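Q: structure for this input, please:
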Amino acid sequence: MELIDTHTHLDFADFDSDRHEVLERSRALGVGRMVVLGVYQKNWQRLWDLVLSDPRLHAAFGLHPVYLDDHRPADLDELGDWLTRCAGHPQLCAVGEFGLDYFLPQLDRERQQGLFEAQLKLAADFALPALLHVRRSHAATIATLKRFRLARGGIIHAFAGSREEAREYLKLGFKLGLGGAGTWPQALRLSKVIAELPLDSVVLETDSPDMAPVMFAGLRNSPEHLPAICAALAELMKVSPQTLASTSSANACALFNWPVAAA
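A: The predicted model follows:
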């Protein structure tokens, strides 16, 4: 059974003291491939160096809306340059993390929208999936995606929307990223939505070091927690952990054009 962590920030300083050990423990637990996502220009080189050190790691580069005030106008051009230099490399898999965040009131929505659309255009130009941050912004995100209609689709990271919003994303060719949020007992609405999702619509993720599942409350999240997340979500979906693991991994492989067997 191979699990794929489709969303981790393994390059963050939280892992500097034991990154190699985290990778080894994760692999021993069946977590094979991992997608490491860029969030601002200053971490792209560090991220790429990490990914190139291990063939089972894959990179996505993006400009995250939470870091809106750190992004310079030139960063979009540089993102295009990075994607051009890495185009065709087997360890480049997507554009991300980017999107819209309406939870934090200090983030200018008009600037976010411009950055969102520019990165969707890059995803379309480079024929790459888009790995999207969507927080309290489903209506605006769906409306924008309907205008862009990405051929490769992508992933709605940390999906926490309604059944109706899930259906809209699926019609647009997106998978729904599920992780630690769905394991918390107080997430009643989300649990009900997850229980009704078709298996072919989901991929698994940790968002480590953030969004720890309930069984690791208060601890640094890690790719090694993905098996426990998978087991908890499988119970909600009324399938075996093995079924959710194999189906979600097959979904991720199809999205990223990877062979199903572990590399």
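Q: CA only for contacts and neighbour counts going forward, please
A: Will do.
Q: which outside residues touch stretch 234-254?
A: With contacts defined as C-alpha atoms under 8 Å, 6 or more residues apart in numbering, stretch 234-254 is touched by 1-4, 6, 175, 191, 194-197, 199-204, 230-231, 259-260.
Q: buried stuff in it?
A: By neighbour count on 16 or more other C-alpha atoms under 10 Å, the buried set for stretch 234-254 is 234, 236-237, 241-242, 244-253.
Q: again with stretch 194-209
A: Buried-residue list, stretch 194-209, by 16+ other C-alpha under 10 Å: 194-195, 199, 201-209.
Q: from L128, how far out is the closest residue to G173 other than its chain neighbours?
A: Once flanking residues are discounted, G173 sits nearest to G153: 4.7 Å by C-alpha to C-alpha, 6 or more residues apart in numbering. Remark: distance between G153 and L128 (C-alpha to C-alpha, to the nearest Å) = 8 Å.
Q: then G180?
A: For G180, the distance to L128 - C-alpha to C-alpha - is 26 Å.
Q: what about the two, which has more around it?
A: For the pair G180 and L128, the greater number of neighbours falls to G180 (28 against 25), based on other C-alpha atoms under 10 Å.
Q: where does the nearest residue to the more buried one once chain neighbours are set aside land on pLDDT?
A: The shortest distance from G180 to any non-neighbouring residue, by C-alpha to C-alpha, 6+ apart, is to P213 (3.9 Å). For P213, the pLDDT comes out at 98.
Q: ok, P213 touching T183?
A: Yes: P213 lies in contact with T183 (C-alpha atoms under 8 Å); the separation is 5.8 Å.
Q: and for the two, which residues touch both?
A: I229.
Q: residues contacting the residue nearest to W184 when sequence neighbours are not counted?
A: Spatial nearest neighbour of W184, excluding adjacent residues (C-alpha to C-alpha, 6+ apart): V214 at 5.3 Å. Residues in contact with V214, defined by C-alpha under 8 Å, 6+ apart, are 180, 183-184.
Q: so Q91 makes contact with V51?
A: Yes: with contact defined as C-alpha under 8 Å, Q91 reaches V51; the gap is 7.3 Å.
Q: who has more neighbours out of these two?
A: Neighbour count, other C-alpha under 10 Å: between Q91 and V51, V51 has more, with 22 against 19.
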